[in-house]
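Enquirer: need the 3D shape of this:
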Amino acid sequence: MISREELKQDLNQLLIDKEYIQAVWEGGSVATGFMDAFSDLDLSIIVKEGYEEETFKCLETFLDHTYGILNRFRMPEPTWHGFSQAFYQIKQVSPWLYLDVCIIRETLPDKFTESDRHGVAHIWFDKKGIYHPTIQSQATLEARCQKYYRLATQTDWLMEIELRKNIERGILTEAYHQLYSFTVRNLGILLNLKHRPEKVDFQLRYAYRDFPKPDLDLIESVFKASSIEEYRLVMEKVLNRYYQLKSELIKLWGM
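Expert: A predicted model of the protein is given here:
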């Protein structure tokens, strides 16, 4: 089996020699300091304008001939972030070690370099000094937080009605769906605003790193509930925490 470091060395040797590739850096768990045996490999490849497809062709030919590609998925374009992105599962490495590859045009102004959101990347090479870790501006932060506060609170009353309705009906599948949705889409946003506003749009990803134990315990109780009565009890706790946060956060992010 090929190690993570051996795979990185092979890829670095392949990419650094390409004239149209300006920089490569590794993000994800390496950038945030949480890498473990289950981490995938997150690569950002900065290329000259118009060389996205050439880079994919080069990379896929190498992976196929050197390791063997088991599965691949190319994100339909345009992607939400403006990058060209693909995922690869390859042979000869840990089954957890898939590749998450973003090919980014050099001219794109936003390359996900905000350290408060994405950590500090590990630079493989940077021929033109492109990578500069930044922190999102206060104006950007405030606009994003206000947007997500509105997203969570504008229809909370409707979500609550549907939640209570399905619990009263005693339909487990519907009650679970509504409780889960409210926890993620409503409570989750307000918890992000409270504990990590720079990641307000991360839903519950990495919440275990950033939320205090009482809030984590509350979220976990939603997943552990297994009867209508348990759903009813957990629902009241979720709603109480939600409205407590809504009252507190309107002073910061409400319009």
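Enquirer: residue ranges with poor pLDDT in the protein?
Expert: Along the chain, the model assigns pLDDT under 70 to residues 255.
Enquirer: give me the domain ranges for it.
Expert: Taking automatic domain parsing as the criterion, the chain consists of the domains 4-126, 138-253.
Enquirer: can you lay out the ones you listed as JSON lines showing distance to H132?
Expert: Backbone N, C-alpha and C define where each C-beta goes, glycine included. Listed next are the domains of the chain as JSON lines, based on distance: least, C-beta to C-beta, whole Å:
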{"stretch": "domain 4-126", "distance to H132": "6"}
{"stretch": "domain 138-253", "distance to H132": "16"}
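Enquirer: redo the ones you listed as TSV? Include mean neighbour count.
Expert: Output for the domains of the chain, formatted as TSV (neighbours: other C-beta atoms under 10 Å):
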stretch	mean neighbour count
domain 4-126	16
domain 138-253	16
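Enquirer: pretty sure F34 sits against Y208.
Expert: No - taking contacts as C-beta atoms under 8 Å, F34 lies outside contact range of Y208: 10.1 Å.
Enquirer: state the distance from the closest residue to W253 other than its chain neighbours to S137.
Expert: Leaving aside its chain neighbours, W253 sits nearest to Y149 (3.9 Å; criterion: C-beta to C-beta, 6 or more residues apart in numbering). Distance of Y149 to S137, given as C-beta to C-beta, to the nearest Å: 18 Å.
Enquirer: go ahead and flag the most central residue of the protein.
Expert: Centroid check for the chain by C-alpha atoms, centre = their mean gives F202 as the closest residue, at 5.7 Å.
Enquirer: quick one: that one from L218, how far?
Expert: According to C-beta to C-beta, F202 and L218 sit 18 Å apart.
Enquirer: swap in G254?
Expert: The gap separating G254 from L218 is 23 Å, by C-beta to C-beta.
Enquirer: what's the answer for L249, then?
Expert: Distance, L249 to L218, using C-beta to C-beta: 17 Å.
Enquirer: sticking with the nearest residue to the residue nearest to the centre of the chain once chain neighbours are set aside, tell me its helix or strand.
Expert: The shortest distance from F202 to any non-neighbouring residue, by C-beta to C-beta, 6+ apart, is to N192 (6.4 Å). Taking DSSP states H and E as the criterion, the element that holds N192 is helix 188-195.
Enquirer: dump that helix to PDB, keeping only the CA atoms.
Expert: The C-alpha trace of helix 188-195 is given here as PDB (Å, rounded to 0.1, in the frame of the first residue of the first chain):
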ATOM      1  CA  GLY A 188     -27.700  25.100  13.400                       C
ATOM      2  CA  ILE A 189     -27.400  28.500  11.800                       C
ATOM      3  CA  LEU A 190     -28.000  30.300  15.000                       C
ATOM      4  CA  LEU A 191     -25.500  28.100  16.800                       C
ATOM      5  CA  ASN A 192     -23.000  29.000  14.100                       C
ATOM      6  CA  LEU A 193     -23.700  32.700  14.600                       C
ATOM      7  CA  LYS A 194     -23.200  32.300  18.300                       C
ATOM      8  CA  HIS A 195     -20.000  30.100  18.400                       C
END
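Enquirer: next secondary structure after that helix?
Expert: Downstream of helix 188-195, the first helix or strand assigned by DSSP H and E is helix 207-210.
Enquirer: hmm, who's touching the helix or strand following that following helix?
Expert: Using DSSP H and E, the helix or strand that directly follows helix 207-210 along the chain is helix 213-224. If you take C-beta atoms under 8 Å, 6 or more residues apart in numbering as the criterion, helix 213-224 is touched by 179-180, 183, 187-188, 191, 195, 204, 207-208, 211, 230, 234, 237-238, 241.
Enquirer: now do 7 Å
Expert: Contacts with helix 213-224, where a contact means C-beta atoms under 7 Å, 6 or more residues apart in numbering, come from L179, Y180, T183, L191, L204, A207, Y208, V234, K237, V238, R241.
Enquirer: what is the next helix or strand after that helix packed up against?
Expert: Later in the chain than helix 213-224, the nearest helix or strand by DSSP H and E is helix 228-253. When contacts are defined as 3 or more C-beta pairs under 7 Å, 6 or more residues apart in numbering; DSSP states H and E, helix 228-253 packs onto helix 138-153, helix 156-169, helix 172-182, helix 188-195, helix 213-224.
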